[in-house]
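Show me the folded form of this:
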Amino acid sequence: MKYVIIGGDAAGMSAAMQIVRNTEKADITTLESGNIYSYAQCGLPYIIGGEVESTDKLIAREVSTFREKYGIDARVFHHVEAVDIEKKLVTGRNLESGQSFEIPYDKLLVATGGSPVIPAWPGRELKGVHALKTIPDIEGIVDDLAGVRDVTIIGGGYIGLEVAENIKETGRKVRLIERNDRAAKMFDEDMSPLVHEEAEEHGVELCLEESVTVIEGEDRVEAVQTETNRYRTELVIVATGIRPNTGFLQHTGINRLNNGAIKVNAYMETNIEHVYAAGDCAVQYHRMKEKDDYVPLGTHANKQGRVAGQNMAGRPKTFQGIVGTSILRFFRLTLAKTGLNEAEAEAMKFPYDTVVHKGTDIAGYFESKKPLHMKILYRTDTDEVIGGQVIGESGAAKRIDVLATALFHRMTLNEFEDLDLSYAPPYNGVWDPLQQTVRRAK
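Below is the predicted model:
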């Protein structure tokens, strides 16, 4: 059995390791267009701030480990350009030698991930304009920051906020341009002031409801022009989302969403026999929406890759889907969410209501307590909890994982209130603040 995997990061190598562990003398070829395998992309912003001292710390396994220890034909600088479904061939070009290659397969996994979206602004090709997705990207940003005092970040989502924090921690001036009326738009409008206040308190200039039109400069970026303002700057980081790397599949008949994400079933199978897909290039089934979605996160990529590998090795396993859980740190705050926000609930046409509560992370009589802002969404026809957001300096991570577990099991308000959660004053109130929130909905 000849296994070919396109992509050498989270999904691809999780699958490869499952094939190694569940088959005898597996013939596995992995094709990576770069030269780095299995690294922690989510740790990249923290290289800038110095919390992670080296990109070497982000690499889980060296290419040589896959080759020498596990017998995988792990190739680097191999860029795939096409897949012939009829002949079961993968073709492409070696980026070092320029030579073309052709590799046959019995089973194929597409795990090509996604690439940053940089809108077609005039000036986007100037020196000093960066996106962040790979280790070479972050190394280029760190090198380019030398001598720079003013940085502009375009995009107020996860990456934009994390990068803003880390660059600000280096003492530079940071502005964040966001075309929407608030940053962190994955949270509801009534939670946004907490994020904005934190940004302003730490000296991040927020430029909201501004759409970039031009990046100015001769050879290097000198300014960013929006529809309403012009900002002089020395370096720009674009964080406006990612797009699945699936353009090379357009003539294969493999079903994809409009954005290019590959449609898969619970076994990570595409509509083409013996072709699988996983990770940031594929869809994820959303348990709350009960349909396929595109939520590219490292947690999903690792899980989907593991499932794909086991199925390719003949050990059936299904991907159980996502509930939409995410978390990030923004200076002192932890911003966490799971399930649906109000915009998503409205788009699904669910009958819903919300309840908000400001509690504390530990027993309220401790002087060291910190405020915890919570919001829960629930269906008014079934009382099922369908979403939640938690923001605070301490305790948000624990609560969002409890909420995510409740959503996975489709708990109602009553069932959530009955959960037996841990209690001791240094860790919690006698009623967990989430349960206090739920009780206010009844």
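
for the protein, what spans make up the helices?
Assigned helices in the chain, in chain order: 10-22, 45-49, 63-68, 135-145, 158-168, 192-201, 298-312, 342-347, 396-408, 413-417, 433-439 (criterion: DSSP state H).

so how far is residue 348 from the residue nearest the centre of the chain?
Geometric centre of the chain, nearest residue: residue 297, 3.1 Å, by Cα atoms, centre = their mean. Using Cβ to Cβ, to the nearest Å, residue 297 is found at 20 Å from residue 348. (Each C-beta comes from the backbone N, C-alpha and C, glycine too.)

these two touch, right, the residue nearest to the centre of the chain and residue 326?
Yes - with contact defined as Cβ atoms under 8 Å, residue 297 reaches residue 326; the gap is 6.7 Å.

Neighbours of residue 202, how many?
Using other Cβ atoms under 10 Å, residue 202 is surrounded by 15 other residues.

Spatially nearest residue to it, not counting backbone neighbours?
Nearest-residue entry for residue 202: residue 331, 5.0 Å, with adjacent residues in sequence omitted and distances by Cβ to Cβ, 6 or more residues apart in numbering.

I'd guessed that neighbour sits against residue 197; true?
No - Residue 331 lies out of contact with residue 197 (Cβ under 8 Å); the separation is 10.4 Å.

what about these two, which has more around it?
Taking other Cβ under 10 Å, residue 331 and residue 197 do not tie; residue 331 has more neighbours (16 against 11).

Which residues outside stretch 22-33 are in contact with it?
Contact with stretch 22-33 is made by 1-9, 12-13, 16, 19-20, 37, 66, 71-80, 90, 92, 95, 103, 309-310, 313-315, as judged by Cβ atoms under 8 Å, 6 or more residues apart in numbering.

Which members of those are positioned in strands?
Among the contacts of stretch 22-33, the ones falling in strands (DSSP state E) are 2-6, 73-75, 78-80, 90, 92, 103.

Including mean pLDDT and distance to residue 287, could the helices of the chain go into JSON lines?
Shown next, in JSON lines, are the helices of the chain (pLDDT from 0 to 100; distance: least, Cβ to Cβ, whole Å):
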{"stretch": "helix 10-22", "mean pLDDT": "98", "distance to residue 287": "20"}
{"stretch": "helix 45-49", "mean pLDDT": "97", "distance to residue 287": "29"}
{"stretch": "helix 63-68", "mean pLDDT": "97", "distance to residue 287": "33"}
{"stretch": "helix 135-145", "mean pLDDT": "97", "distance to residue 287": "32"}
{"stretch": "helix 158-168", "mean pLDDT": "98", "distance to residue 287": "21"}
{"stretch": "helix 192-201", "mean pLDDT": "97", "distance to residue 287": "26"}
{"stretch": "helix 298-312", "mean pLDDT": "97", "distance to residue 287": "12"}
{"stretch": "helix 342-347", "mean pLDDT": "98", "distance to residue 287": "13"}
{"stretch": "helix 396-408", "mean pLDDT": "98", "distance to residue 287": "7"}
{"stretch": "helix 413-417", "mean pLDDT": "97", "distance to residue 287": "16"}
{"stretch": "helix 433-439", "mean pLDDT": "96", "distance to residue 287": "19"}
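
for those, which one sits closest to residue 186?
Proximity to residue 186 (Cβ to Cβ) singles out helix 158-168 among those, at 7.8 Å.

got the angle between that closest one and helix 135-145?
Going by axes from the mean of the first three to the mean of the last three Cα atoms, to 10 degrees, helix 158-168 is angled at 40 degrees with respect to helix 135-145.

angle of helix 158-168 against helix 192-201?
20 degrees.

Report all helices and strands that helix 158-168 contacts.
helix 45-49, strand 150-154, strand 173-178, strand 235-238, strand 326-330 (3 or more Cβ pairs under 8 Å, 6 or more residues apart in numbering; DSSP states H and E).
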